[in-house]
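Peer 1: Turn this into a structure:
(one chain, ligands or ions: 1)
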Amino acid sequence: MKLIRSVLRMQNLSKKLRQKGKTIGFVPTMGYLHQGHLSLVRQSVKDADVTVMSIYVNPLQFGPKEDFKLYPRDIKSDMKLARSSGVDYVFIPSDQDMYAEKYLTTVEVNEISGRMCGASRPGHFKGVTTVVSKLFNIVLPDIAYFGQKDAQQAVIIGKMVKDLNMPVKVKVLPIIREPDGLAKSSRNIYLSPGQRKDAAVLFQALQIARKMIIEGERNPGKVILRMKRLISQTESVTINYIVIAGADDLLPGKKISGRTLIALAVFIGKVRLIDNIVIKVKSQKSKIKITS
Ligand code: AMP
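Peer 2: Down below sits the predicted model:
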């Protein structure tokens, strides 16, 4: 496994690999790696000739009051995990190299970037789509891997790639969870032992929603109310949002039908956690498929 720090070196290397006919799988991350990240790497190793992972805590996607400075970092452990899961190149650029002085260009997917997480994190998705565009132009991947954990991000990146005719295939892979159901996240490290216990309520709320829908409930308002009631029993948890929407367009509907995303964001103390499930609801009550 090789470490690349220079944008130019990474781009030249990718060009050479492509000239040789090699396919490039790309896993963009902010590091502090866990099994969620590594599941993306494993898929890339299966699909592509060469796997590139980027580790970059992108300042552009953090608000002024958010945790950019505090975001957990552990390059030594990341390098170990990346190597053992089959990464060929780790790309760790500097801020100066990514956003040179007088940097002016951004990429934004309108409408869907302003909903859900975008409503409480203004500019967040503009930061994400800008850095992902830049990384695509540097790494030149054939396939890029994203986690369903960040459901809205995955939809927005899919839309960006489609709208801008980017020659990249986007693969979205299932959420990897802790034994109690909590989605693995680099930010889980911020939780105190008590908060960590309380965080299980996110997955419990999603399970209750799933059960209600399996049993035939199609009114999103009723499902959300039940989830809110459950979560409000855990004092340390404050709801940021609960949304039931189309899994592909993120549009909330009056009735639950089709591929449906149930997504929530909460604060536990100062820690913001997100989670979701996708349910396929066909016309008949019994025909239901849980996809994540
Ligand atoms: P991050 O480092 O948090 O920006 O995440 C990098 C990539 O890993 C994103 O595509 C995430 O959606 C994905 N990811 C993060 N946590 C998980 C998880 N628990 N399961 C699957 N993918 C994940």
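Peer 1: CA only for contacts and neighbour counts going forward, please
Peer 2: OK.
Peer 1: close enough to count as contact, Leu33 and Lys76?
Peer 2: No. Counting by Cα atoms under 8 Å, Leu33 does not reach Lys76; the two are 10.5 Å apart.
Peer 1: near the ligand, which residues of the stretch 1-150 of the chain?
Peer 2: Pro28, Thr29, Met30, Gly31, Gly36, His37, Phe146, Gly147, Gln148, Lys149, Asp150 (Cα under 6 Å from any ligand atom).
Peer 1: doesn't Val57 make contact with the third one?
Peer 2: In this case it means Met30. Yes. If you go by Cα under 8 Å, Met30 and Val57 touch, sitting 4.7 Å apart.
Peer 1: quick one: which of the two has more around it?
Peer 2: Val57 (21 against 17; other Cα atoms under 10 Å).
Peer 1: secondary structure class for that one?
Peer 2: With DSSP: H, G, I helix; E, B strand; the rest coil as the basis, Val57 sits in coil.
Peer 1: and it, what does it touch?
Peer 2: Taking Cα atoms under 8 Å, 6 or more residues apart in numbering, we find Val57 in contact with Thr29, Met30, Gly31, Phe68, Tyr71.
Peer 1: Give me the pLDDT for it.
Peer 2: You'll see Val57 listed with a pLDDT of 98.
Peer 1: Just the buried residues of the host helix or strand of Gln43, please?
Peer 2: Using DSSP states H and E, Gln43 falls within helix 35-47. By 16 or more other Cα atoms under 10 Å, the buried positions in helix 35-47 come out as Gln35, Gly36, His37, Leu38, Ser39, Leu40, Val41, Gln43, Ser44, Val45.
Peer 1: Does anything pack onto it? Which helices or strands?
Peer 2: Helix 35-47 is packed against strand 24-29, strand 50-55, helix 75-85, strand 143-147, with contacts defined by 3 or more Cα pairs under 8 Å, 6 or more residues apart in numbering; DSSP states H and E.
Peer 1: Kind regards, and thank you for your time.
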